[in-house]
Structure formats: structure tokens, C-alpha cells
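Participant: Give me the fold of what follows.
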Amino acid sequence: MSSPLIPYRTLPANLPEDYCLSTRYAFIYGNDGNPGAKKITENQYSLGADSDWSADTDNLIVRCTVHGLQELAPLFEVGGLAASNGELLIALEWTSSESCWRELSRPFALTKSLLFSGATAELVLELPAGSIRGNGLIAVQLISGNIGNEGLLIGLPSKTGSRLGQLIPSLEIIIDGDGSLFPILEESLDSTGPLWEIRSTWSDPRDEPFTSDYAALILNKDHELFDQLRGPITDPQRQSPLMRQVVSSWIALLVSQVKNDLGADFDAVMNHSGLTHDFSSIADAVAAFVRLGELDTGSLGALFSSTQRWFDRRIRDIEVSK
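Facilitator: Residues are numbered from 1 along each chain as shown. The predicted structure follows:
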């Protein structure tokens, strides 16, 4: 399989780790609403939990403040991406394969003099109501502006708007409220396929992160019962009884598979992982489920029963608090 050669210099793949930029994110909707952003891991947030915000009916505004811009000075030097009197642009980007949508914020202009002024970059991205669902990625992208005319410009991007690379590791955003704390995806599995299935592609649950790339509940959009997974029209944030059964069964199956993979190490890992809500690995997430739900892992039947009782209690507590 061949790939096109970029006819100009771009950022090296290891740039996000080599440059010491820092970011601060804020999430709002409407005038000053709180969409219930919760930090799950260092680069992962869920939105919608304990909030009136709905991705279907409300917009989402993502604000990103970028500090440490002086670290980008080499981009305006010999061997960089712009002349010393040139201009580069940065913008906040949303991408999601689930909503099949990509959006860029209004760009912020960088010049060499600005980098040493102590200024910060303020990026604002607004996503309209009904345009996002499932999981998506927020990233700070570098884009060519006016590259300037000092020195030799051979190998520099000459067209304004050329994408040069990502400045900061992506931030994963998980939409759809409390249920979003579980990686849930909707896919077409054919009308003869199962209503749901588990995705378990990890090699070691202690190493892989608790994200949809390695562990997920896959809902079959083609199944005749798919529409029954959603809550009532009058309260779309409420889970249907069928969805409760599906999610609790998925949790039990996830715990069971991790237990089988870890073997004799399972109890030791469960006692030392998942001590916070920072699910840095699949094992951390499973340990938190076992601890918080007081799940009985002695047998598969006991695990399914205790998981269902815990999940029912959790849903009731959430609905009462609203």
C-alpha cells in the first residue's frame, strides 16, 4: 500500500513529547452552562454526567488555553517551518469517526515576536447541537500561514492552510452522560447478528487503556431490538430496562475475561489497582467495578447476579438525584 509524499516539511512525529506546551481545557454550553465534564484519565473526559446538557439539543463550546508558546521558537529558525518574519497558525480540531465529522476552530496566529512576549493562545471551538455523539478527539493542530520571505524557503509549505501536524497529544471526549464512562459503540453487525457483543482486543489488561480501542460494548444498529435500548422519548437520558441488562451483562463478561487472562494474579491485581476513578488501564477499571460494586467473582453465575444488582442500584441512585 502506497502513501503520498508530503511536498513540504511537517512536524516530526515525536513533537508532542519533545515540546513542553501545556493546555487548560474548559467545556461550556449556552451562555454559561456546565455540561458535566469529568476527567477519567489524563487525556480523557466524559461529558453529560450529572448535567442537563444533551448532545442532541445543546451546543458544546470547547475552550483551550495553550501555555509555553516560546517552546515553538525553533519553528521560525533555520530548518523550521517558517521564516523568522513569517506566521504560523494553530487551531483546535474535533474529529469523530462515529459522527463522521471534522471541525476546526478559528485559527490563532503565531509569530516569532509573539512567542517571546509571554502571551498565551486562546482557542475556541463550538460544536452545534446534534452534531456529535459517541467518542471524539480534540487536538491542537499547526497550520501554515504566511511563511515570510527571509532566507531560503525551499522545502517550506508555500500554501496557506497546509496542515503541518499536531502540537499536543489528543484529548478524548466521551459523549452521552453517565453511560459514557463505559466505552459503548454503535456499529452495523447485520440484522441476523447479535444485539450486542464485547470487543476485547487487549494483549494484557494491565497495559492497555480502558478505551474503545481495546475494550468496548458494541451495539448492533441493524438488530430489530436496537430502538428498544433507548430510554423513553419524554426522558431520553434515562436508560431502558433492556439497556440496563445489556450493560450489566457486558460488565460481568468484561470482569470474567480479565479474570481468565490474569489467572492466579487476578486477586493481587484487583487489590492494588482501581483505587481511584483514574482508569489508566483495563485492569484498573475492572478493579474499580469489583470494589465499588462488591462483585462476587467466585463463579460466573454469582458474578452476573452481583453485577446486575450493583448496576440497578447505581441507575436508581442517579435517577433519584436528578
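Participant: residues near the nearest residue to Phe108 once chain neighbours are set aside, how many?
Facilitator: Take Phe108 and drop its neighbours on the chain: the residue closest to it by C-beta to C-beta, 6 or more residues apart in numbering is Ala121, 4.6 Å away. From N, CA and C alone the C-beta is placed, and that goes for glycine too. With neighbours defined by other C-beta atoms under 10 Å, the count for Ala121 comes to 23.
Participant: Now do the residue nearest the centre of the chain against Asp58, distance only.
Facilitator: The chain has Glu172 as the residue nearest its centroid, 1.7 Å off, counting by C-alpha atoms, centre = their mean. According to C-beta to C-beta, to the nearest Å, Glu172 and Asp58 sit 20 Å apart.
Participant: Where does the prediction get shaky in this protein?
Facilitator: Scanning the chain for pLDDT under 70 picks out 1-20, 49-50, 56, 97-100, 133-134, 149-159, 176-182, 231-239, 273-280, 317-322.
Participant: circling back: wasn't the residue nearest to the centre of the chain part of a strand?
Facilitator: Yes - secondary structure of Glu172 (DSSP: H, G, I helix; E, B strand; the rest coil): part of a strand.
Participant: ok so, going back, dump the residue contacts of the residue nearest to Phe108.
Facilitator: Counting by C-beta atoms under 8 Å, 6 or more residues apart in numbering, Ala121 touches 65-66, 69, 90, 108, 110.
Participant: Show the residue spans covered by the helices in the protein.
Facilitator: With DSSP state H as the criterion, the chain has helices at 15-18, 112-115, 241-262, 266-272, 282-293, 300-321.
Participant: Quick one: closest of those to Pro209.
Facilitator: With C-beta to C-beta as the measure, helix 282-293 is the member of these nearest Pro209 (7.3 Å).
Participant: buried residues in that closest one?
Facilitator: Buried residues in helix 282-293, defined by neighbour count with 16 or more other C-beta atoms under 10 Å: 282-290, 293.
Participant: contact partners of stretch 103-118?
Facilitator: By C-beta under 8 Å, 6+ apart, the surrounding residues in contact with stretch 103-118 are 62, 69-70, 72-73, 76, 84-94, 121-127, 131, 141, 143, 145.
Participant: Let me see the contact set for Tyr214.
Facilitator: Taking C-beta under 8 Å, 6+ apart, one finds 199-202, 208, 282 in contact with Tyr214.
Participant: let's see it at 6 Å
Facilitator: 201-202, 208 (C-beta atoms under 6 Å, 6 or more residues apart in numbering).
Participant: What's the ChimeraX line that selects buried ones from the contacts of stretch 103-118?
Facilitator: Filtering these down to the buried ones (16+ other C-beta under 10 Å) takes a single ChimeraX command:
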select :62,69,72,76,86,87,88,89,90,91,92,93,94,121,123,125,126,127,131,141,143,145
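Participant: can you map out the strands along the protein?
Facilitator: Remark: strands assigned in the chain by DSSP state E are 22-28, 38-41, 44-46, 60-67, 88-96, 101-104, 108-110, 121-127, 135-144, 163-166, 171-174, 184-187, 196-200, 215-220.
Participant: Which one of the ones you listed lies nearest to Phe311?
Facilitator: Closest approach to Phe311 among the strands of the chain is made by strand 215-220 (12.5 Å; C-beta to C-beta).
Participant: ok now the closest one, how far from the chain's centre?
Facilitator: Put simply, strand 215-220 sits 16 Å off its chain's centre (C-alpha atoms, centre = their mean, to the nearest Å).
Participant: what's it packed up against?
Facilitator: When contacts are defined as 3 or more C-beta pairs under 6 Å, 6 or more residues apart in numbering; DSSP states H and E, strand 215-220 sits against strand 184-187, strand 196-200.
Participant: Next, the angle from that strand to helix 241-262.
Facilitator: Here strand 215-220 runs at an angle of 140 degrees relative to helix 241-262 (axes from the mean of the first three to the mean of the last three C-alpha atoms, to 10 degrees).
Participant: Only the buried residues of strand 215-220, if you could.
Facilitator: With burial defined by 16+ other C-beta under 10 Å, the residues of strand 215-220 counted as buried are 215-220.
Participant: Tell me the one among those nearest to Pro194.
Facilitator: Asn220 (6.2 Å).
Participant: give the contact list for the closest one.
Facilitator: Residues in contact with Asn220 (C-beta under 6 Å, 6+ apart) are 189, 193, 195.
Participant: Only the buried subset of those residues, as a PyMOL command please.
Facilitator: Buried members of these, defined by 16+ other C-beta under 10 Å, are picked up in PyMOL with:
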select buried, resi 189+195
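Participant: if we can go back for a sec, relative to Gln228, which of the helices and strands packed on strand 215-220 is closest?
Facilitator: Closest to Gln228 of those, according to C-beta to C-beta: strand 196-200, at 12.1 Å.
Participant: Can you list the neighbours in contact with the closest one?
Facilitator: With C-beta under 6 Å, 6+ apart as the test, strand 196-200 has contacts from 215-216, 218-219, 246, 250, 253, 257.
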